[in-house]
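Student: when you get a sec, could you give me coordinates for this:
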Amino acid sequence: MEAVISVVMQFCGEEMDAYGQCVGQNPKDWLTKCAELKQKAADCSSNHPAVKKINKECSKEYMTYDDCLKRNPENVTICVEALHAFMNCASKSAARIQSAYKTQDYEPNQTKPLS
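Tutor: Numbers count the residues shown, from 1 in each chain. Coordinates of the predicted model:
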């Protein structure tokens, strides 16, 4: 999971922090109060090739987690298992991406087409 966080935070740390703070400050109605910040974080992260690759490889796990959150906005702890499945997938994908960057002498903050 560390690799995923590193990739996302490097490019979208400000947006992710703002969204996370909003969710923490609005535990009962975060879904509506934080919708704009969620969209900003999603827009930011979806623009980087490495994150696009993670999203593509883990879309099933993410959709399961996102659907769970939408069905259980007042009890998100129900979604922990789905979150773990997404995090495991994303970690494996990010590790492969970081390995590819290292093999090609790219730094993680450089954009490079990923197949």
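
Student: show me where this protein has helices.
Tutor: Taking DSSP state H, the helices of the chain run over residues 2-25, 30-33, 35-45, 49-57, 59-71, 80-103.

Student: ranking those by burial, who's on top?
Tutor: Highest mean neighbour count of the helices of the chain: helix 49-57, a mean of 19 (counted as mean count of other C-beta atoms under 10 Å). All C-beta atoms are positioned from the backbone trio N, CA, C, and that covers glycine.

Student: now the angle between helix 35-45 and that one, please.
Tutor: Computed by axes from the mean of the first three to the mean of the last three C-alpha atoms, to 10 degrees, the angle separating helix 49-57 from helix 35-45 equals 110 degrees.

Student: quick one: stretch 77-94 to chain centroid distance?
Tutor: Distance of stretch 77-94 from the chain centroid (C-alpha atoms, centre = their mean, to the nearest Å) equals 10 Å.

Student: quick thing: my sequence starts at 21, can you match it?
Tutor: All set: I'll call the first residue 21, so the last point we hit is now stretch 97-114.

Student: ok, A70 touching I117?
Tutor: Yes - counting by C-beta atoms under 8 Å, A70 does reach I117; the two are 4.8 Å apart.

Student: for L57, what are its contacts?
Tutor: Counting by C-beta atoms under 8 Å, 6 or more residues apart in numbering, L57 touches 35, 38-39, 42.

Student: any idea how far it lies from D63?
Tutor: Distance, L57 to D63, using C-beta to C-beta, to the nearest Å: 11 Å.

Student: contacting residues around L89?
Tutor: L89 makes contact with 51, 96, 99 under the criterion C-beta under 8 Å, 6+ apart.

Student: same check, this time on C99
Tutor: By C-beta under 8 Å, 6+ apart, the residues touching C99 are 85, 88-89, 92.

Student: between these, which sits nearest Q30?
Tutor: Y85 (22.2 Å; C-beta to C-beta).

Student: that closest one and A102 touch, don't they?
Tutor: Yes - taking contacts as C-beta under 8 Å, Y85 lies within contact range of A102: 4.1 Å.

Student: which neighbours do the two share?
Tutor: By C-beta under 8 Å, 6+ apart, no residue touches both Y85 and A102.

Student: what average pLDDT does stretch 84-99 get?
Tutor: Stretch 84-99 carries an average pLDDT of 91.
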